[in-house]
Structure formats: C-alpha cells, structure tokens
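Chemist: Could you work out the structure for the sequence below:
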Amino acid sequence: MITIFTDGSSRGNPGPGGWGAIVLNDDTVIELGGREGSTTNNRMELTAIISSLENVSNEKEITLYTDSAYVVNGITRWVKGWAKNKWKTSKKEDVLNKDLWERLVKATEHKVIDWKLIKGHSGTEGNERCDVIATSFADNSPVVLYNGSRNRYGVDISVSLKSDLRGGKSKSKSKSRAYSYVSMVDGVVQTHKTWEECKARVHGVSSARFKKSTSPENEEEIIRELSE
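Modeler: Next up is the predicted model:
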C-alpha cells in the first residue's frame, strides 16, 4: 500500500508557484517538490499529484490525500465527460489545464487509487509538510527534500492518517470562518486559499461570480453550483 500527500501553492493566480508531495510505503519516504515561474494554484495542485503518481509503479494500491476539491472532483466525476466531449465543458468552452488533466489520466492508469479530500491547514501533518514544501518552492527558496527510511522521517504521518478528514467536524473553527473562496470567470471555476487571491481574479470583471466556502463539503457544493 502506498500513501501520498500533496499540495500546491501560487503567489498570485497566476504568479510564481510551487508544489510538494510525500510518497510513503511501509519502509521509505520520498519528498518531491518543484516550481514554475508563472502558474496558478490549481495547476500546482495537479502537478503535485501527477508527479507523485508518476513516481509509483503500476498495479499499486494508493491512498492519496489532497485538499483540492478541484482535482478530486475533476478526476472522479468530470474528466470522462470532458474527454468524451473533446475537452469541452458543458458550456462548450475549452477545459482549463487540459494538458495536465491528460497527464493525470495517464498517471492513474493501472493503479487503484482511493482519493481522500482533506481540510487544508487543519493540522494534518502530511498536508502541512507538503504546504511547507510547495510554498518554499513558490518563494524560490526550497527546503531540503527527504528521501530515506520511514523510521527516521521527522514528520509524524501516523498523526496525519488519524486527523480530521473529509466529512469530519472541526470544533476549533467557527462556522463562518472561510475554508476557501470559489470564483468563476468566463465559465472557468477556480478555488483560492485566500480572499486576496480571489479578489485579484474577480475584481473589475462584471460577469464574475464568487463565494466563500466554510468546509470541503461546502466548497464542493459551490463548485457544482457555479459549474451548472
């Protein structure tokens, strides 16, 4: 069994971006990371997952943890329809990030993947470490990546696997506190970790739509609502 954690980050949308991933088996841990000079948060989320899956051999069972509803919904619900419609949305518009979606589809072939949508920045150790990796690459000051024995790894992944996953409730967070912001501009839906990122995308665009989400489930509902 392989366990993977991933995260993506961008300083602006678009802007400099980075991604991070942790790939674990029973004995070893490999950290991965990378950077692009001009990208988006969603592209970095996709790249993190693609890169981690490309480092796993075929015929493997994988549990993959990500805080990106965009990726989880895309790969489990939307991508087959996009491909069938020649990479057009239901509104006959080009699918954004087609190049990465095609790579992701290929990377998932011959693998059994259990997709886990987790809460970002909620204390999940694996996700927090991936965020550190991703933001360090986005800032062009990358941390040292670990590659070695699981016994010597400094991140307590056992805590990550027991932490509050999708569907759980967080007692420490107010219901009104933002989990993310979801925007739609010209028919393209994106998620943002901060209001400033969302505002930068929608400001001055008369047809833009945007909403604050308060949980992973609420984020999914908003994505569905804006995509209809």
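
Chemist: Contacts for stretch 205-214 next, please.
Modeler: Outside stretch 205-214, the residues that touch it by CB atoms under 8 Å, 6 or more residues apart in numbering are 175-186, 195, 198, 201-202, 219, 221-222, 225-226. C-betas here are computed from N, CA, C, even on glycine.

Chemist: Quick check on those: which are buried?
Modeler: 179-184, 198, 201-202, 219, 222, 226 (16 or more other CB atoms under 10 Å).

Chemist: Now, those that are in strands?
Modeler: Counting by DSSP state E, the buried ones among the contacts of stretch 205-214 place 180-184 in strands.

Chemist: so, if you compare those, which one comes nearest to residue 98?
Modeler: Distance to residue 98, by CB to CB, is smallest for residue 184 among those, at 18.0 Å.

Chemist: what bridges to the closest one?
Modeler: residue 189, residue 209 (DSSP bridges).

Chemist: Give me the domain ranges for the chain.
Modeler: 2-162, 180-227 (automatic domain parsing).

Chemist: How far away from the center of its chain is the first one?
Modeler: Right, domain 2-162. Taking CA atoms, centre = their mean, to the nearest Å, the mean C-alpha location of domain 2-162 is offset from the chain mean by 5 Å.

Chemist: and that domain, average pLDDT?
Modeler: For domain 2-162, the mean per-residue pLDDT is 92.

Chemist: Can you list the buried residues in stretch 128-148?
Modeler: Neighbour-count burial for stretch 128-148 flags 128-138, 142, 146 (criterion: 16+ other CB under 10 Å).

Chemist: Can I get those residues in TSV including secondary structure?
Modeler: Shown next, in TSV, are those (DSSP: H, G, I helix; E, B strand; the rest coil):
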residue	secondary structure
128	helix
129	helix
130	helix
131	helix
132	helix
133	helix
134	helix
135	helix
136	helix
137	helix
138	helix
142	coil
146	coil
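
Chemist: quick one: which of these is nearest residue 19?
Modeler: Out of the buried residues of stretch 128-148, the member with the shortest distance to residue 19 (by CB to CB) is residue 134, at 5.1 Å.

Chemist: hang on, the closest one packs against residue 19?
Modeler: Yes - counting by CB atoms under 8 Å, residue 134 touches residue 19, with 5.1 Å between them.

Chemist: and for these two, which residues touch both?
Modeler: Counting by CB under 8 Å, 6+ apart, the common neighbours of residue 134 and residue 19 are 7-9, 33, 44, 48.

Chemist: among the buried ones among the contacts of stretch 205-214, which one has the lowest pLDDT?
Modeler: residue 202 (76).

Chemist: Am I right that it is in contact with residue 185?
Modeler: Yes - with contact defined as CB under 8 Å, residue 202 counts as touching residue 185 (6.4 Å).

Chemist: ok so, going back, now for the buried residues of stretch 128-148: which two are most distant?
Modeler: Pairwise distances across the buried residues of stretch 128-148 peak at 19.1 Å for 138 and 146 (criterion: CB to CB).

Chemist: Other residues contacting the longest strand seen in the chain?
Modeler: Longest strand in the chain by number of residues, with DSSP E as the criterion: strand 28-39. Strand 28-39 is contacted by residues 10, 14-24, 43-44, 47-48, 51-52, 55, 129, 133-134, 136-138, 140, 142-143, 145-150, 153, 157 when judged by CB under 8 Å, 6+ apart.

Chemist: So which of those belong to helices?
Modeler: 43-44, 47-48, 51-52, 129, 133-134, 136-138, 157 (DSSP state H).

Chemist: okay, those residues in JSON lines with distance to residue 191 next?
Modeler: Shown next, in JSON lines, are the ones in helices among the contacts of strand 28-39 (distance: CB to CB, whole Å):
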{"residue": "43", "distance to residue 191": "12"}
{"residue": "44", "distance to residue 191": "12"}
{"residue": "47", "distance to residue 191": "15"}
{"residue": "48", "distance to residue 191": "14"}
{"residue": "51", "distance to residue 191": "20"}
{"residue": "52", "distance to residue 191": "20"}
{"residue": "129", "distance to residue 191": "21"}
{"residue": "133", "distance to residue 191": "20"}
{"residue": "134", "distance to residue 191": "15"}
{"residue": "136", "distance to residue 191": "21"}
{"residue": "137", "distance to residue 191": "20"}
{"residue": "138", "distance to residue 191": "16"}
{"residue": "157", "distance to residue 191": "25"}
